[in-house]
Structures are given as structure tokens and as C-alpha cells.
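Engineer: pasting a predicted model and its sequence here:
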Amino acid sequence: RVVCGAEDPVVLYVSGGNTQVIAYSERRYRIFGETIDIAVGNALDRFARVLGLSNDPSPGYNIEQLAKGGRRLVEFPYVVKGMDVSFSGLLTFAETTARELLHKGEASPADLCYSLQETVFAMLVEITERAMAHVGTQDVLIVGGVGCNLRLQEMMATMVAERGGKLYATDDRYCIDNGAMIAWAGMLAHLHGTKGPVEDSTCTQRYRTDDVYVTWRP
């Protein structure tokens, strides 16, 4: 919000460890939808391994670049349940049927990357739009490492524009893990009364988004 200037958007949080649609209400970032199995970034990483793509600079980035050359849309499983999504069936398809198509020469790696992106991102756009309708917000903010993907931003921007809103997104400086987001949240919490000695500070790896009581927003 600080970098983009967004006021009160629906937030799509997409990374290797999380897939959540979030909106702020009554001092908590409420989760309206999420993955019921694996995170979208995890699914992309594992799909990249199926194709033997490099980890340099990242599997998701290499999928994005290869997808630009795709010409055939292969039908992948599309699983949306209300405002939740599931990627496990899609990944199983990629590891079995899609691999067979590749070996038979019926689809290229570019076709599969293109098809995967179009399917996964359409699912994310759908649940985000539902959350927007539910909370009455027209703007969207994409965060998390997968949020760097320009095709995801393009698809989301089209939907948001049709609803008269605005899409907010950043580049990899703030989408991927970074110290700035931790420092900023810590400073805001400190300025609003959350204080304590450093030696008493702890890290909770699986701290859910909606577990945090937000003292710095009304």
C-alpha cells in the first residue's frame, strides 16, 4: 500500500507458500479465499521440474518467458470452490497427461507453460473478483513472488478495469521476500504501542495472515 498508494484494496497474496484472497476489516486482514492444498508458487515450481526448467533466476520466471511462445491451449483441470482454489489435480495432470502430450509431440513445452498460466491465473482472477463483489471494493493489490508475473497482472488488470477499479502491483523488489516489508510492519506496530526487548522476539513460520491483530489501522 505504501509503494503503490492503494487505499483499501482486495489483496491477492500469491507465493510459493501462500495463496490467499484478503481484505481488511476490523483490525485484521481477513482471508476470504485460499488454496485448499498447495500454494500456486509451489505448483509452478513443481511443474517447472516436470519440464526440466532451470531455477535461474526462478522457475516461475522461466515458465512465464516460455509461455510467451505457446500457441496451443491444452485443457488443464480448473478447480474453484467458492472463493477457494485447488492446484493438486492440476499438478497431477501436468505430471501425467501433459507429460505424455509432450513425449508424443502433441504439445510443446511452450504450449504447456502457456496453458498452465492461463488456467491458474484465470482461477485466481475469478476468486479475486468474487471477493471484490463480496466486500464492495473495486481495487486489487497483488503481492507475493508470483505477483511479479506480468501475465497475471495483465489478466487481473482487465478484470479490474471492467469493474471500474484499479490494479496495484509492484516488481520483484517488493513482491519477493524482502526486508523492507518486515521492517515497515515492525515500525508501524512499534509506533502504535507494540514494544518489547529484542531478546524476547520470536519468529512463527506458519503465522496466518488473519492471526495478526493490526494496531496501526483503524
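Structural biologist: Looks like it came in fine.
Engineer: rest of the way, CA atoms for contacts and neighbours
Structural biologist: Will do.
Engineer: surely Arg217 is in contact with Ser25?
Structural biologist: No. In this structure, Arg217 is not within contact of Ser25 by C-alpha atoms under 8 Å, at 9.6 Å.
Engineer: what sits in contact with each of the two?
Structural biologist: The contact sets of Arg217 and Ser25 do not overlap (C-alpha atoms under 8 Å, 6 or more residues apart in numbering).
Engineer: from Lys81, how far out is the closest residue to Gly17 other than its chain neighbours?
Structural biologist: In this structure, Gly17 finds its nearest non-sequential neighbour in Ala39, 5.4 Å apart by C-alpha to C-alpha, 6 or more residues apart in numbering. As defined by C-alpha to C-alpha, to the nearest Å, Ala39 lies at a distance of 15 Å from Lys81.
Engineer: these two: who's more crowded?
Structural biologist: Ala39 (21 against 14; other C-alpha atoms under 10 Å).
Engineer: about what we covered before: residues contacting the residue nearest to Gly17?
Structural biologist: Shown in contact with Ala39 (C-alpha under 8 Å, 6+ apart): 14-19, 87.
Engineer: could you look up the SS state of Val21?
Structural biologist: Put simply, Val21 is strand when judged by DSSP: H, G, I helix; E, B strand; the rest coil.
Engineer: so what sits opposite it in the bridge?
Structural biologist: Counting by DSSP bridges, Val21 forms beta bridges with Leu12, Gly33.
Engineer: now the phi/psi pair for Val85, please.
Structural biologist: When read as degrees, to the nearest 10, the backbone of Val85 gives phi -130, psi 160.
Engineer: which residues does Val80 bridge with?
Structural biologist: Beta-bridge partners, per DSSP bridges, of Val80: Val85.
Engineer: going forward, begin numbering at 56 instead of 1
Structural biologist: Happy to do that; since the first residue is 56 now, the last one works out to Val135.
Engineer: what's near enough to touch it?
Structural biologist: Listed by C-alpha under 8 Å, 6+ apart, the contact set of Val135 reads 141, 178, 182.
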